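Trainee: Sequence and computational prediction follow.
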Amino acid sequence: MRTPALVAAGLAVMLFASPAAAAAGSVGAPGIGDSYYPLDGNGGYDVSHYDIRVSYQPSTDVLSGTTTILARPTEDLASFDLDFLLKVSSVRINNVPADFRTDGGELTVTPKAALPKGRDVTIVVRYTDTPGQYELYDYNAWKPTSTGVLANDEPQIAPWWYPSNDHPRDKATFDVSIAVPPGVEAISNGVLVSRSQTAPQWVRWNWRSLHPQAPYLTYIAVGQYEVRQATAPNGEPFITAYGDDLGASGPAARASVERTPEILEAESQWFGPYPFEAQGGVVDSGLGFALENQTRPVYDAGFFRGGANTSVIAHENAHQWFGDSVSVNDWKEIWLNEGFATYAEYLWSDYQGEGTPAEIAQFTYDSIPADNDFWQVLPGDPRPENQFDNAVYDRGGMTLQALRTTVGDDAFFEILRTWASEHRYSTGTTEEFIALAERISGQQLDGLFTTWLYTKGKPAVGPNGTAAAVARAVPAKPRSYDQIQETHRLLAAEAK
C-alpha cells in the first residue's frame, strides 16, 4: 500500500500549489482514485502515446532518457502530476520549459501558462539516475540480473524508468527505444522496428506497440539473451528470448514458450480473436514469477525446473485478453485478470487431455478444507496484501466454473467472447461482467457471484453444483492439477 508519508506528499501537492497557478486553471489530482493505490495514476489529462528513448549501462545501473508524452487535458490545468521516481533535469510543455519538482514518486509539473481543456499537449521529460536505489510502497520493483536488469512488475514498474499516468484506466500506444552496450540485448513489447549500432559503445533496439497498453505492462528486459525471431502461423512476428544463464532449465523453457502460437490459436477459439500485433516470451532467471507483459510475457526459469510447463504459458497468454486488452478498472478487481487466466489453464488442460475444467475445479474445491484460511480471502475484493493470493487464482477459476455450470456451455463461452470484444483495449468491472452474464444467459446471477467472490467461507455448493459432503470421497486428481498448483505457487511470489 502507499505509505502514509507518500499520501501526505500527494496531499501537499494539492494544498500548497501557488494561488496564481490555481487561478489560471485547476490542479490535476495526484491520483486517479484507485481503491487500493489512491495516488497511482493522475487526474486532469489523458495520454495517447509515449515515446521512451533511454540508454542503460548494466555495470553502473545508470539509466538516462527522454520520454515524450502526447496528452490531452480533460480540464483547464494549472499543474499536473506524473508518476515517476528518478531525478529529472528538465521538463518542457509544448517546447516551453516548465517548473517541476519530485516528491515520493510524484513528478509535479507547472507550465508557464495553464493548459486549456481539450487541446493537445506535448510533454518532454529528461532524466538520468540509478533506478535501483528507489522504493515505492516500501518495495523496489527494479530487478538487477546477472547480466542486466528486468523492469517488470505489477501493479507498478513505470516509475522506475519512465514518467507516466500509471494506471490501467489510461492506456496509450508506445515507442520504446533502448541503447545498451554491444553484446547485450534489450527486449520490450510489440514489434522490433530496428536494431543498429549508433556508437562504438551503444546498440539501440527500437520497439513499437500498436495497440493501447497499460503502463505497468510496458517493460524492458536487458541482458544477455538468445533472441529468436520467427513468424507465427497467423503472420505475426513471434519473438522469444532466453537468458544465457538458464542452465538445465533452458531446454524445458524453450519447449514451453516456443508453443505460444499454438496456445494462442486454442485460446482464440475460446476467447475470440487475438487482440495484438505480435507474440512471444522472455525467460530469465532473475524475476521470481511471471508477468503478462503485452504481446510478450516474461517468465522466471523456475517455472521450467521440473520440465516443460505449458500451463504458465496458457495462463500468461490468456492475460492478453483478460488483463491486457480488457484491464481492471480498479486494482480490487484483480480476479477479472487472475481468475480468467486460471480458467484458461483449465481449458488448456482439457485441450491436452489432462483433465476437464469441471474436474479440476471440483478437485480443487474438494481438496481444500472448510477451515483453511484460503476461504477467508475474497477474490472480488482481496485487499492489497492478498492481491495475488492463491484464492484470487483458484477461487476465481472456480467462480467461472460455477458460472459455466449454471448458464451452460454455449452461454458461458458467448459471455467470455463478448466480454473480450465489448471491452477491448479498455477496462472492466465485476459489476459490468455480472450484468453481461445476466444479459446473455437471461438468468439472475447476483447470488452466485456474491457467494463465490464476496462471502467468506467455503461455499456450500461446489463449482459443479454438487453440495459439499464431509463423507464424500475426493475424486481422482486430474493429471494437470499438480502443474497448475505449482504454477500458482510461483505466481503468488508476485505478492512477496
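Mentor: Yep, it's here. In this text, all values refer to a predicted model and were calculated from it rather than measured experimentally. Residues are numbered from 1 along each chain as shown.
Trainee: Val298 versus the spatially most central residue of the chain, what's the distance?
Mentor: Ranked by distance to the mean C-alpha position of the chain (Cα atoms, centre = their mean), the top residue is Leu217 at 4.7 Å. Applying Cβ to Cβ, to the nearest Å, the value for Leu217 to Val298 is 11 Å. Bear in mind the C-beta positions are built from the backbone N, C-alpha and C, glycine included.
Trainee: Neighbours of the nearest residue to Gln201 once chain neighbours are set aside, how many?
Mentor: Closest residue to Gln201 apart from its sequence neighbours, by Cβ to Cβ, 6 or more residues apart in numbering: Pro181 at 6.2 Å. Residues lying near Pro181 (other Cβ atoms under 10 Å) number 16.
Trainee: doesn't Thr60 make contact with Pro181?
Mentor: No - the criterion here is Cβ atoms under 8 Å, and Pro181 misses it with Thr60 at 10.8 Å.
Trainee: hang on, the earlier thing: Provide a list of residues in contact with the residue nearest to the centre of the chain.
Mentor: 189, 292-294, 324 (Cβ atoms under 8 Å, 6 or more residues apart in numbering).
Trainee: now, among those, which is nearest to Gly462?
Mentor: Nearest to Gly462 among the contacts of Leu217 is Glu292, at 28.5 Å by Cβ to Cβ.
Trainee: Please export the alpha-carbon coordinates of stretch 158-170; PDB is fine.
Mentor: Provided in PDB are the C-alpha atoms of stretch 158-170 (Å, rounded to 0.1, in the frame of the first residue of the first chain):
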ATOM      1  CA  ALA A 158       6.900   2.500 -14.900                       C
ATOM      2  CA  PRO A 159       8.000   4.900 -12.100                       C
ATOM      3  CA  TRP A 160      11.400   3.300 -12.100                       C
ATOM      4  CA  TRP A 161      12.200   4.000 -15.700                       C
ATOM      5  CA  TYR A 162       9.800   6.400 -17.400                       C
ATOM      6  CA  PRO A 163       7.200   9.100 -16.300                       C
ATOM      7  CA  SER A 164       3.600   8.100 -16.900                       C
ATOM      8  CA  ASN A 165       0.000   8.300 -15.900                       C
ATOM      9  CA  ASP A 166       0.400   4.900 -14.200                       C
ATOM     10  CA  HIS A 167      -2.900   3.200 -14.100                       C
ATOM     11  CA  PRO A 168      -4.700   0.800 -16.500                       C
ATOM     12  CA  ARG A 169      -7.500   3.300 -17.000                       C
ATOM     13  CA  ASP A 170      -5.200   5.500 -19.100                       C
END
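Trainee: gap between the two ends of stretch 219-229?
Mentor: 19 Å (Cα to Cα, to the nearest Å).
Trainee: so Pro459, which of the three states?
Mentor: Three-state secondary structure (criterion: DSSP: H, G, I helix; E, B strand; the rest coil) places Pro459 in coil.
Trainee: actually Ala248, sorry about that
Mentor: helix.
Trainee: Could you do Asp482 as well?
Mentor: Per three-state DSSP, Asp482 ends up helix.
Trainee: Ok, the one 3 residues further on next?
Mentor: Secondary structure assignment for Gln485 (three-state DSSP): helix.
Trainee: quick one: the strands in the stretch 101-250 of the chain?
Mentor: 106-110, 121-129, 142-144, 149-151, 172-180, 185-187, 191-199, 202-213, 220-223, 225-231, 237-243 (DSSP state E, counting those that start in this stretch).
Trainee: quick one: contacts of the fifth one?
Mentor: Right, strand 172-180. 47-58, 70, 148, 186, 188-190, 198, 202-213, 215, 218, 220, 222.
Trainee: One more: the fourth one?
Mentor: By Cβ under 8 Å, 6+ apart, the residues outside strand 149-151 that reach it are 56, 58, 61, 131-132, 141-143, 157, 160-161, 219-223, 284, 286-287, 298.
Trainee: do that again at 10 Å, thanks
Mentor: With contact meaning Cβ atoms under 10 Å, 6 or more residues apart in numbering, strand 149-151 is reached by 54, 56, 58, 61, 63, 131-132, 141-144, 157-158, 160-162, 178, 180, 187-188, 218-223, 243, 282, 284, 286-288, 291, 298, 300.
Trainee: What pairs with that strand, parallel or antiparallel?
Mentor: strand 142-144 (antiparallel), strand 220-223 (antiparallel) (DSSP bridges).
Trainee: Which of the ones you listed has the highest mean neighbour count?
Mentor: Highest mean neighbour count of these: strand 220-223, a mean of 26 (counted as mean count of other Cβ atoms under 10 Å).
Trainee: related to what we said a few turns ago, which residues are in contact with the closest residue to the residue nearest to the centre of the chain other than its chain neighbours?
Mentor: Nearest residue to Leu217, sequence neighbours excluded (Cβ to Cβ, 6+ apart): Gln294, at 4.4 Å. Contact analysis of Gln294 by Cβ under 10 Å, 6+ apart lists 171, 174, 188-190, 209, 211-214, 216-219, 275-278, 319-320, 323-325, 327.
Trainee: Assumed Gln294 was part of a strand.
Mentor: No - with three-state DSSP as the criterion, Gln294 is coil rather than part of a strand.
Trainee: switch to numbering from 290
Mentor: Sure thing, new numbering starts at 290, so read that last one as Gln583.
Trainee: That one and Tyr714, how far apart?
Mentor: Distance, Gln583 to Tyr714, using Cβ to Cβ: 11 Å.
Trainee: what about the residue lying closest to Ala519 once chain neighbours are set aside, neighbour count?
Mentor: What sits nearest to Ala519 in space, not counting adjacent residues and going by Cβ to Cβ, 6+ apart, is Phe527, at 4.6 Å. Look at Phe527: counted by other Cβ under 10 Å, it has 21 neighbours.
Trainee: How about Ala387?
Mentor: 18.
Trainee: ok, now how distant is Gly751 from Gly669?
Mentor: Distance of Gly751 to Gly669, given as Cβ to Cβ: 18 Å.
Trainee: Which pLDDT value belongs to Val296?
Mentor: Here, the pLDDT recorded for Val296 equals 38.
Trainee: where are the low-confidence patches of the stretch 640-785 of the chain?
Mentor: For the stretch 640-785 of the chain, the stretches with pLDDT under 70 are 757-763, 782-785.
Trainee: Hmm, Arg484 is touching Ser477, no?
Mentor: No - with contact defined as Cβ atoms under 10 Å, Arg484 does not count as touching Ser477 (11.6 Å).
Trainee: what do the two both touch?
Mentor: By Cβ under 10 Å, 6+ apart, the residues touching both Arg484 and Ser477 are 494-496.
Trainee: so where do the helices sit in the stretch 540-689 of the chain?
Mentor: Counting by DSSP state H, counting those that start in this stretch, the stretch 540-689 of the chain has these helices, from start to end: 549-560, 599-607, 624-640, 646-656, 679-696.
Trainee: Mind putting those helices into CSV with mean neighbour count and distance to Gly320?
Mentor: Below are the helices of the stretch 540-689 of the chain laid out as CSV (neighbours: other Cβ atoms under 10 Å; distance: least, Cβ to Cβ, whole Å):
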stretch, mean neighbour count, distance to Gly320
helix 549-560, 18, 32
helix 599-607, 27, 29
helix 624-640, 25, 21
helix 646-656, 22, 37
helix 679-696, 25, 23
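Trainee: Looking at the ones you listed, which is nearest to Val316?
Mentor: For the helices of the stretch 540-689 of the chain, the distance to Val316 is smallest for helix 624-640, at 32.1 Å, taking Cβ to Cβ.
Trainee: tell me the angle the closest one makes with helix 599-607.
Mentor: 130 degrees (axes from the mean of the first three to the mean of the last three Cα atoms, to 10 degrees).
Trainee: Please state the offset of helix 624-640 from the chain centre?
Mentor: 16 Å (Cα atoms, centre = their mean, to the nearest Å).
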